[in-house]
Structure formats: structure tokens, C-alpha cells
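Student: the following comprises the amino acid sequence and a computationally predicted model.
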Amino acid sequence: MPNIQRKITKKEETTLHIAAAASQEVFVKNLVKRLSSENLTAENIVGNTALTYAAATGNVNIAKAMLKKNSNLPNLGSGVKPLFMAASLGHSQMVQFLYSETKEIVCGGMKQAKLFITCVEGDLYGLKLEYQICRCLAAVDHPLRRLAPLKAALELGCCPLLSLHFHPVLNSLPVLGEIRMAVLRGSDDTRRSQANPNFGGVALEMLKANPNFATTRNTDEDTVLHVLARNPSAFVSRPLWLLSFSLSIPGLKLKQENSKQSQANELFENCLQAYRGDIENSSIIPHVLFDAAESGNIECLIKLIRFDFDLLWKTRNSKSMFHVAVEKRHESIFNILNEIGSIGDLIINTKIEKIGNILHLAAELAPREKLNAISGAALQMQREILWFKEVEKVVPPAFKEMKNGNGEKPYVLFARTHEELRTKAEKWMMDTSGFKCNSNILLINIPRGVKKGTEARKA
């Protein structure tokens, strides 16, 4: 009888590894029936078992079949543990299943902290945390400062095509020809599923059991606050007037759209409060502020300003959060100027070495992702002109004539950086003129609240 569990690839993968990575559920179940419990513990060249591969696909049925044969499998292997793999890729159902089966991980302080940030990075705020795990977490008191790398997927070393669907950090791995992208998509659970609103929240429960996790850092010196600040999609987007209203009333809490967003909101606020009075870690908050500004995370920005109003004056590379908003084209953040009156004027009326002033930032071409969100070169150009003029309204007259490090005034810089886009816009207009295109097509929405607010401030 042939050895069906022999290693068949250069990375020392077995048939079970490959079948699990390809999410071949029926094949895996039949194969597991013919294997001994010891066969399932085979590791590849980097120490990963076939269960880690199954965790990467999110196929819970495959994992259940393996654990039925060998219940200790989640705790074996010298490489990435299946629980961490599932968490890093955002497979909520797989994480929920593996929690109760992974006994080793929940009792180690460093591993808990790694799992905590990995869950946040994977948007896993709303999974059930078993009572015995909470009890184990509560017994840990470890002042953590550094973590091992959280990108466990990089250590997979097995199925590089996973990178095309699951996580961009895997893109550097070579392609394994036997496994196709279509197969790797697997079941519905291979995509990040939304949390069940009846569950309590993995990260929240871990934080409540061990508040030290709020200041835990990974090897990039990032905390959970950094991770959340860079993920605006984790929070519900609401009208600026409502956010501004909450800014003026410290005790007001706004209702989130769903459980997952509510948990992300609560997690951010709980972590933020851990820094109150913490002089040693106080320098972290301004960095979080600018991470939120870069990503356009208005929800986090409002919470940060409510936490410490002096953050409005903070700068990074001589730029305030409003300079970043203009540069990145985040209208909602720029519109906060309307809510803080003359303070905003003082903040933006500063010069930046070599760059010039905030109007020079508006004169630069918008980030590619912002331009791509608008269809057609003419509309893109129109949007850029409107944005420049809106920023122009809030700067002093002298800023319009100020030269940057290259000796360019804002209008001159705008003309140079937008020359290619202007050419494309003119060509688009000429191509569509034969259809008697109504000029109204060029009208787009001016950022809401800017015009009214700026006029009110100057009145």
C-alpha cells in the first residue's frame, strides 16, 4: 500500500497539507479516515501542520474532521499555531471554533498579547470568549512592551497563492502551481464574516481581563490604537455635524450601526483611557492622531480630540492634522475647522519649510486612490480645482503669493502638477463634445459645510 502521507513537495508538505490548503473538504475527510492520529501531526519545512493550512482557508468542517481524529492537533507544531493563522486572516468562525480547542496558547502572557493585537488586526471584535479562557487571562499580569511579528501568514511557507485572496503581505512568496485561485476561495467562511451580535468580543474581553494589553506594542512599535486608527472601515461613518455635536458634549455616546462597529468603538475608547495619566506612554497618542488623519478616520480623530483638546496643536513633519487632511483630500477632517473657530485659523496659518503653506499642499495632485474614485479626467480635474479653491478660502491673502522651496506660488504649483490631468480632461471634453454633453455634467459636490463654515468664520 502506498504511503499516502509522504512528503511530496520541496517544502516537505504532505498530501493532507495540499488538500487542506485547497479546501478540498470531501477529499480531506476521506483522507483523514485512512490516516492515523500521528499522521496528522506531520509538519512542513517551517513547522506548520495541515491544520494550520485549514485555518488559513477558514474551512471549519475540515478542521473539525482533523480534530475528530486528533483532538490535540491545535496545540502541536513548531510553526504558526492554527488559532493565530485564523485570527491573522480574519476567519471569525474558525477562530471561534479553535478557541475552545487550543489549550496551550491561552495561558502564556506573551502569546495572549500577540493574539490580542492579531484579533484586532483581523477585525475580530465580536467573537465569543469562553469563560475558562477569561479566567486564565485574568491570572496574567505581564508588563508587555514588545511582541513577536504578528503577520503569522508570512510564516506559512506553504501555499503562496493564498496571498492573492487573503492577505497582501504574502505577495512576496513564490507561486505554487498545483493550487488554483478558484479553489482557494473555498467556502463562504474563507472571507471575513461579520461578528455575531450576541457574542461578547474577543479583544474586549482580553482587555478587561488584562488592561496592560492597551499599551502592548508589536515589533513595529504599534499598539491597538494605531491598528484601529488606520482602519476607518471598522467604524461607522456619520455626518460631521453629529460628530461635532459629540465633540462639544463630553458625556455623549453615539450609537453605532452594528455590533462589530460598536465593539471597535468601545475597544478604542477603553484603550485610550488606559493612557490617561500615563506619562511614560503619553507620546503614543499624537502618533495615533496622525495615523487617523492619514487614513481619514474621522471617528477616531473626534475621540482623540475629546480625550485631549491640545492634540489639535500637534504636528508631524511640521504638518498639523489639517495639513494632512488637505494633502490626503479628507474633507470630513478638513471640515472640523468650521467647528473650532479662530483656533483653526491659528493652526493652519503656519509655514512649512520647503513645502510652503497649506495651499501648496492643496496644489499638489491628489493621491491616486482619491482620483480613481472619480470617473473621468474632466471630473477629476474639476474636483481638484474645487478643492484648491475651498482651501484658498481659509488662508490669509499673503499665502496665495507665498513661494515654496522651489520658488513656486500655489497657483504655479497647481498648474505644473495638474498639467497631465488637464490635458486628459481637455481630450475627454473634445471627445464628448460631439454628443452635445451638457456642461452640468461637470458639476460635482463641493465638500459639505466648507463654504458655509468658512464664510461664517470670516464674517
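Tutor: That came in fine, so what should we check first? Numbering: from 1, shown residues only.
Student: list the contacts of residue 297.
Tutor: Shown in contact with residue 297 (CB atoms under 8 Å, 6 or more residues apart in numbering): 229, 230, 231, 232, 235, 291. From N, CA and C alone the C-beta is placed, and that goes for glycine too.
Student: please repeat the previous calculation with a cut-off of 10 Å.
Tutor: By CB atoms under 10 Å, 6 or more residues apart in numbering, the contact set of residue 297 is 228-235, 237, 268, 288-289, 291, 303-304, 330, 332-333.
Student: which among the residues you listed end up buried?
Tutor: With burial judged by 16 or more other CB atoms under 10 Å, the buried subset of these is 228-232, 234-235, 268, 288-289, 291, 303-304, 330, 332-333.
Student: now, the residues you listed that are in strands?
Tutor: Among the buried ones among the contacts of residue 297, DSSP state E puts none in strands.
Student: those residues in helices, which ones?
Tutor: Among the buried ones among the contacts of residue 297, the members falling in helices (DSSP state H) are 228, 229, 268, 288, 289, 291, 303, 304, 332, 333.
Student: could I get these in JSON lines, plus columns for pLDDT and distance to residue 385?
Tutor: Below are those laid out as JSON lines (pLDDT from 0 to 100; distance: CB to CB, whole Å):
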{"residue": "228", "pLDDT": "90", "distance to residue 385": "35"}
{"residue": "229", "pLDDT": "91", "distance to residue 385": "31"}
{"residue": "268", "pLDDT": "90", "distance to residue 385": "36"}
{"residue": "288", "pLDDT": "94", "distance to residue 385": "33"}
{"residue": "289", "pLDDT": "95", "distance to residue 385": "30"}
{"residue": "291", "pLDDT": "95", "distance to residue 385": "30"}
{"residue": "303", "pLDDT": "91", "distance to residue 385": "33"}
{"residue": "304", "pLDDT": "93", "distance to residue 385": "32"}
{"residue": "332", "pLDDT": "91", "distance to residue 385": "20"}
{"residue": "333", "pLDDT": "94", "distance to residue 385": "20"}
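Student: which of those residues lies closest to residue 313?
Tutor: For those, the residue nearest residue 313 by CB to CB is residue 289; the value is 10.8 Å.
Student: state the distance from that closest one to residue 221.
Tutor: In this view, residue 289 and residue 221 are 16 Å apart by CB to CB, to the nearest Å.
Student: would you mind measuring from the closest residue to residue 349 other than its chain neighbours to residue 309?
Tutor: Spatial nearest neighbour of residue 349, excluding adjacent residues (CB to CB, 6 or more residues apart in numbering): residue 396 at 6.0 Å. Distance of residue 396 to residue 309, computed by CB to CB: 24 Å.
Student: show me the shaky parts of the stretch 1-150 of the chain.
Tutor: 1-2, 103-118, 121-150 (pLDDT under 70).
Student: you'd agree residue 282 is up against residue 275?
Tutor: Yes. Using CB atoms under 10 Å, residue 282 is in contact with residue 275, at 6.7 Å.
Student: shared neighbours, those two?
Tutor: residue 308.
Student: quick one, which of these two is more surrounded?
Tutor: A count of neighbours by other CB atoms under 10 Å puts residue 275 above the other of residue 282 and residue 275, at 21 against 12.
Student: residues contacting the more buried one?
Tutor: Going by CB under 10 Å, 6+ apart, residue 275 touches 214, 215, 223, 225, 281, 282, 283, 284, 285, 288, 307, 308.
Student: at 7 Å what do you get?
Tutor: 281, 282, 284, 285 (CB atoms under 7 Å, 6 or more residues apart in numbering).
Student: again, but for residue 388
Tutor: 362, 363, 414.
Student: so the first one makes contact with residue 389?
Tutor: Same thing as residue 362. No. Under the criterion of CB atoms under 7 Å, residue 362 makes no contact with residue 389, lying 8.8 Å away.
Student: more crowded one of those two?
Tutor: Each of residue 362 and residue 389 has its neighbours counted (other CB under 10 Å); residue 362 has more, 24 against 13.
Student: which helix or which strand is home to the more buried one?
Tutor: Secondary structure from DSSP states H and E places residue 362 in helix 358-363.
Student: can you list contacts of that helix?
Tutor: Counting by CB under 7 Å, 6+ apart, 323, 326-327, 348, 355, 387-388, 391-392, 395, 399-400, 404, 410, 413-414, 417 sit against helix 358-363.
Student: same question for stretch 395-409.
Tutor: Contact with stretch 395-409 is made by 348, 349, 354, 355, 356, 357, 358, 359, 360, 392, 410, 413, as judged by CB under 7 Å, 6+ apart.
Student: what about the third one, distance to residue 409?
Tutor: I take that to be residue 354. With CB to CB as the criterion, residue 354 and residue 409 are 15 Å apart.
Student: more neighbours: these two, which one.
Tutor: Remark: of residue 354 and residue 409, residue 409 carries more neighbours, 18 against 9, as counted by other CB under 10 Å.
Student: check that one and give its pLDDT.
Tutor: pLDDT recorded at residue 409 is 96.
Student: list phi and psi for it.
Tutor: phi -80, psi 160 (degrees, to the nearest 10).
Student: then residue 14?
Tutor: phi -100, psi 180.
Student: spit out the contact partners of it.
Tutor: By CB under 7 Å, 6+ apart, residue 14 lies in contact with 5, 6, 7, 8, 42, 50.
Student: what bridges to it?
Tutor: Beta-bridge pairing for residue 14 (DSSP bridges): residue 7.
Student: before we move on, back to that, now list the buried members of the contacts of helix 358-363.
Tutor: 323, 326-327, 348, 355, 387-388, 391-392, 395, 399, 404, 410, 413-414.
Student: care to break this protein down by domain?
Tutor: Domain assignment of the chain by automatic domain parsing yields the ranges 15-190, 223-308, 315-459.
Student: do you know how far residue 268 is from residue 340?
Tutor: Noted for residue 268: a distance of 22 Å to residue 340, by CB to CB.
Student: quick one, helices of the stretch 351-459 of the chain?
Tutor: 358-363, 368-372, 377-392, 397-401, 410-417, 419-433, 450-458 (DSSP state H, counting those that start in this stretch).
Student: for the record, mean pLDDT for the longest one?
Tutor: Predicted confidence along helix 377-392 averages 94 (mean pLDDT).
Student: what does the second one give?
Tutor: The average of the pLDDT scores along helix 368-372 is 92.
Student: what's the answer for the last one, then?
Tutor: Looking at helix 450-458 alone, the average pLDDT works out to 43.
Student: next: the first one.
Tutor: Mean pLDDT, taken over the full extent of helix 358-363, equals 96.
Student: next one: stretch 315-323
Tutor: pLDDT averaged over stretch 315-323 gives 95.
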